[in-house]
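**Student:** Starting from these lines, generate the structure:
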Amino acid sequence: MDNTRQQLAHWQAQVAADANNATAWFNFGWWSNRAGFFAQAVKAYEESIARGISDPEEAMSNLASVYSERLANTSMAVQWLDRALEIRPHYYQAVFNRAHIAEQTGDRDLACQLFARAAALSPKDPSAIARLVEADPTLTMASEVAKKLVELAGTHADSLMGLYRLQEREGHYAKAWERLVQANELDRLKQPPWPGFRWRDQIMNQLQTQLIPVAPAASNDNAPVFILGMFRTGSTLLEQILAAHPRFQPLGESEFWPREVHSLGGGMIKPGSRPNGTQQADSHARWRGHLHERRVPDGVRVTDKRPDNLFHIATILDVLPNAKIVISERDWRDTLVSVYGTRLHPQHGYATEPAAIADHIRLCHQIADFWTEALPDRIQRVSYEALVEDPESTLQELFAWLGERWDPACLEFYKLNNSVRTASVWQVREPLSTARKGRWRRYEVPLRERFGAALDEPLPPKLSA
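**Tutor:** Okay, here's the model as predicted:
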């Protein structure tokens, strides 16, 4: 972060010294985005284009990413990508990003068309082909796409993941698991060792010391809702359901709180130090600015569904004492298979090995138990299985706890065309279903080999030294 601040200050000084320096404006935009100053990044990129930056399509594509990924403004992102493609129709990054937005907004036909086009522009890069497999449920192992994935599978985890999805789609579960193991092994070799059990006790001990005092809940009808927990447990689904209610606006996996936690000495799963009164006030002001930047109207409640905020509940409640915390949970075996089958960011080092995934799920359960016992009025746990088996009763209970009336439109969340920027992008475009419940049984043989009788327990086994 210190280097980011230094670079940001450097390029800010450069544009102040020479307002016609298009390259300086471009770099100022790049570092502003990285530092979390998204409106500033937009202005800087626009200035670089206005002042004649060479290869303006790159600035336009970057500008579109700020709008789509940071500001949830897909219409502006599309406008800039269309301008970039007018200048350079075969610019891979703009084509790929345009396909990405079509995917985010649930436009399956356009996403398939553009991912196929991107794959043709960069035939040795499997990223677009793998995304095409996810977008197009009609593709099979007999397709030309599958042949290309096989060709690239030796050194590309994306290709192996694409083949896994195709094999699973056709019911070839043993072959699918084999591809999953290969893909995760490639990723594991590129990542630092996961500290695992060495962090578990440290994290729990730190939570114990940070619990008291948590500010009392404030009465506020517009209280924000944080949906968090283990990855792949239904948090995106819950946020989409709330997004179908007129009182809620989704923020998605906002990067706001990770930046705040980092400033307090924390990390993804490492709680930061508790903010003092001045820090709380400053953080709250930045939060209000964040909501303004995301164009949240007055009187509307927001949802922030970043799962790893589970580790930062104390910080969130210190700054936003009226916040409501919803923890999503799911059968640990289904969660494990889903995480293992998703290429999470390298910071999630546990995600490449089943035993480490199981251990991380267990840690998340421990943290959920801790906070539920400590602050039962501030925490609501929602089971994925209960949600898909009895959605109306489960949701009515949730909305009553949130202090909102029940709206049957929430059951038609899949009709929304808002932007969804998580791995569940296609699942949440479908009605609620129990189809994914018990999915782990497709892979019971290799899971049984790894976990034995522990596979039948309600909680996953503990990873030992």
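
**Student:** Tell me which residues are up against the lengthiest helix in the chain.
**Tutor:** In the chain, assigned by DSSP state H, the helix with the most residues is helix 354-374. With contact meaning CB atoms under 8 Å, 6 or more residues apart in numbering, helix 354-374 is reached by 194, 196-197, 200, 203-204, 207-208, 211, 214, 229-230, 310-311, 313, 325, 327, 329, 332, 335-336, 339-340, 349-351, 378-379, 381, 447, 450-451, 459-463. Yep, even glycine has a C-beta here, placed from its N, CA and C like the rest.

**Student:** Just the ones in helices from those residues, please.
**Tutor:** Per DSSP H, helices hold the following members of those: 197, 200, 203-204, 207-208, 313, 332, 335-336, 339-340, 447, 450-451.

**Student:** What is the burial count for Asp318?
**Tutor:** 23 (other CB atoms under 10 Å).

**Student:** tell me the mean pLDDT over the helix or strand in which it is found?
**Tutor:** Taking DSSP states H and E as the definition, one finds Asp318 inside helix 313-319. For helix 313-319, mean pLDDT rounds to 94.

**Student:** and the two most separated of the ones in helices among the contacts of helix 354-374?
**Tutor:** For those, the farthest-apart pair by CB to CB is Gln208 and Leu447; their separation is 32.9 Å.

**Student:** ok, the two, which is more surrounded?
**Tutor:** For Gln208 versus Leu447, neighbours defined as other CB under 10 Å are more numerous around Leu447 (21 against 11).

**Student:** State the distance from the nearest residue to that one once chain neighbours are set aside to Ala314.
**Tutor:** Closest residue to Leu447 apart from its sequence neighbours, by CB to CB, 6 or more residues apart in numbering: Leu455 at 5.7 Å. In this view, Leu455 and Ala314 are 34 Å apart by CB to CB, to the nearest Å.

**Student:** how many other residues sit next to Ala102?
**Tutor:** Residues lying near Ala102 (other CB under 10 Å) number 21.

**Student:** you'd agree it is in a strand?
**Tutor:** No - Ala102 sits outside any strand when classified using DSSP: H, G, I helix; E, B strand; the rest coil, being helix.

**Student:** Contact partners for Gln279?
**Tutor:** Residues near Gln279 by CB under 8 Å, 6+ apart: Leu264.

**Student:** where does it fall, helix, sheet strand or coil?
**Tutor:** helix.

**Student:** distance of it from Leu152?
**Tutor:** Distance of Gln279 to Leu152, computed by CB to CB: 48 Å.

**Student:** pLDDT weak spots in the chain?
**Tutor:** 1, 196-197, 210-220, 464-465 (pLDDT under 70).

**Student:** and the residue nearest to Ala153 when sequence neighbours are not counted, how many neighbours?
**Tutor:** Nearest in space to Ala153, with sequence neighbours left out and distances taken as CB to CB, 6+ apart, is Ser159 at 4.4 Å. Using other CB under 10 Å, Ser159 has 27 other residues around it.

**Student:** Return the angle between stretch directions for the longest helix of the chain and helix 197-210.
**Tutor:** Helix 354-374 and helix 197-210 are oriented at 10 degrees to each other (axes from the mean of the first three to the mean of the last three CA atoms, to 10 degrees).

**Student:** Can I take it that Tyr164 is in a helix?
**Tutor:** Yes - counting by three-state DSSP, Tyr164 falls inside a helix.

**Student:** Look at it and say how many residues are nearby.
**Tutor:** Going by other CB under 10 Å, the residues that sit close to Tyr164 add up to 26.

**Student:** Which residue comes closest to it once chain neighbours are left out?
**Tutor:** Arg179 (4.0 Å).

**Student:** Quick one: list the elements packing against the one helix or strand that neighbour maps to.
**Tutor:** Using DSSP H and E, Arg179 sits within helix 173-189. Counting contacts by 3 or more CB pairs under 8 Å, 6 or more residues apart in numbering; DSSP states H and E, helix 173-189 is packed against helix 157-169.

**Student:** Quick one: distance of the helix it packs on to the chain centre.
**Tutor:** Its chain's average C-alpha position is 21 Å from that of helix 157-169, according to CA atoms, centre = their mean, to the nearest Å.

**Student:** In that helix, which residues are buried?
**Tutor:** Neighbour counts over helix 157-169 (16 or more other CB atoms under 10 Å) mark Ala157, Asp158, Ser159, Leu160, Met161, Gly162, Leu163, Tyr164, Arg165, Leu166, Gln167, Glu168 as buried.

**Student:** Let me know whether the first one touches Val181 as I believe.
**Tutor:** No - with contact defined as CB atoms under 8 Å, Ala157 does not count as touching Val181 (11.2 Å).
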